[in-house]
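**Q** pasting a predicted model and its sequence here:
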Amino acid sequence: MKIYHNPRCSKSRQGLAILEASKLNFETINYLKTPLLKEELTEIIKLLGISPLDLVRKNEVIWKENYKDKNLSDAEIIAVMIQNPKLIERPIVINNGKAVIGRPPEIIKSIL
């Protein structure tokens with residue numbers, strides 16, 4: 001099990017607390033310090049069953065000022081998230097081939 005985590009995000013910290021309380025083994029990946037590879041992010045999006053745009057934090061200044069009104073392909077959106085990992089929704093938890101975005105954090109319990 002993995003959690004893609006941003007320690008500065010309250011929802012991400014709440015998601016981490018849920019995993020810690022579960023007493024299950026998991027790996028914590030601070031994706032701001034350890035950036036995701038294109039293939040890894042593509043696989044996460046596939047496991048989530050969403051489009052790349054659905055994983056973007058659209059209220060971030062980077063998105064609003066640089067990308068909001070552009071017609072980007074899925075590959076371009078993934079490239080933008082790789083270059084700007086702050087734009088990736090969080091936390092993301094993956095367990096046994098299933099993935100969820102922990103918003104609200106309680107949804108993480110559905111794949112434990």
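**A** Cool, the structure landed. Numbering: from 1, shown residues only.
**Q** give me the low-pLDDT residue ranges for the chain?
**A** Along the chain, no part satisfies pLDDT under 70.
**Q** how about the nearest residue to Leu32 once chain neighbours are set aside, what does it touch?
**A** Spatial nearest neighbour of Leu32, excluding adjacent residues (Cβ to Cβ, 6 or more residues apart in numbering): Pro85 at 5.4 Å. To be clear about C-beta, it is placed using only N, CA and C from the backbone, and glycine gets the same treatment. The contact partners of Pro85, by Cβ atoms under 8 Å, 6 or more residues apart in numbering, come to Tyr31, Leu32, Pro35, Leu36.
**Q** most neighbours, which of these?
**A** Counting by other Cβ atoms under 10 Å, Tyr31 has the largest number of neighbours within those, with 22 neighbours.
**Q** need the contacts of Pro85 in CSV with secondary structure, can you?
**A** Converted to CSV, the contacts of Pro85 look like this (DSSP: H, G, I helix; E, B strand; the rest coil):
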residue, secondary structure
Tyr31, coil
Leu32, coil
Pro35, coil
Leu36, coil
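**Q** tell me which two of these sit farthest apart.
**A** Farthest apart among those by Cβ to Cβ are Leu32 and Leu36. That separation is 10.1 Å.
**Q** what residues are up against the closest residue to Leu53 other than its chain neighbours?
**A** The shortest distance from Leu53 to any non-neighbouring residue, by Cβ to Cβ, 6+ apart, is to Ile77 (5.6 Å). Neighbouring residues of Ile77 by Cβ under 8 Å, 6+ apart: Pro52, Leu53, Val56.
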